[in-house]
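**Student:** The amino acid sequence is not available; the structure is as follows:
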C-alpha cells in the first residue's frame, strides 16, 4: 500500500483514485494515463 500511495502522489492523484483506475472503475484523463505510463 505504501508503494501505491507514493506512486499516486508522484503522479498527482489520490491512492483511492489509483485503485479505481486499476479496477477499471476510474475514468482517467489522457494526462493521467500518460503519467502512469511514464
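**Tutor:** Everything's here; your move. Since the model is a prediction, treat every value here as computed from it, not as a measurement.
**Student:** Spell out, range by range, the helices that occur in the protein.
**Tutor:** 2-11, 15-23, 30-37 (DSSP state H).
**Student:** Relative to residue 4, how far out is residue 36?
**Tutor:** Separation of residue 36 from residue 4 (Cβ to Cβ, to the nearest Å): 12 Å. To be clear about C-beta, it is placed using only N, CA and C from the backbone, and glycine gets the same treatment.
**Student:** Ok, residue 30 next?
**Tutor:** Residue 30 is 21 Å from residue 4, by Cβ to Cβ.
**Student:** ok so, going back, so which of the helices of the chain has the densest surroundings on average?
**Tutor:** Most buried of the helices of the chain, by mean neighbour count (mean count of other Cβ atoms under 10 Å): helix 15-23, with a mean of 14.
**Student:** Centre of the chain to that helix, how far?
**Tutor:** Centroid separation for helix 15-23 versus its chain: 6 Å, with Cα atoms, centre = their mean, to the nearest Å.
**Student:** Quick one: low-confidence residue ranges for the chain.
**Tutor:** Counting by pLDDT under 70, the chain shows no low-confidence range.
**Student:** so who does the residue most central in space within it touch?
**Tutor:** By Cα atoms, centre = their mean, the chain has its centre lying nearest to residue 18, at 3.3 Å. For residue 18, the contacting residues are 4, 7, 8, 26, by Cβ atoms under 8 Å, 6 or more residues apart in numbering.
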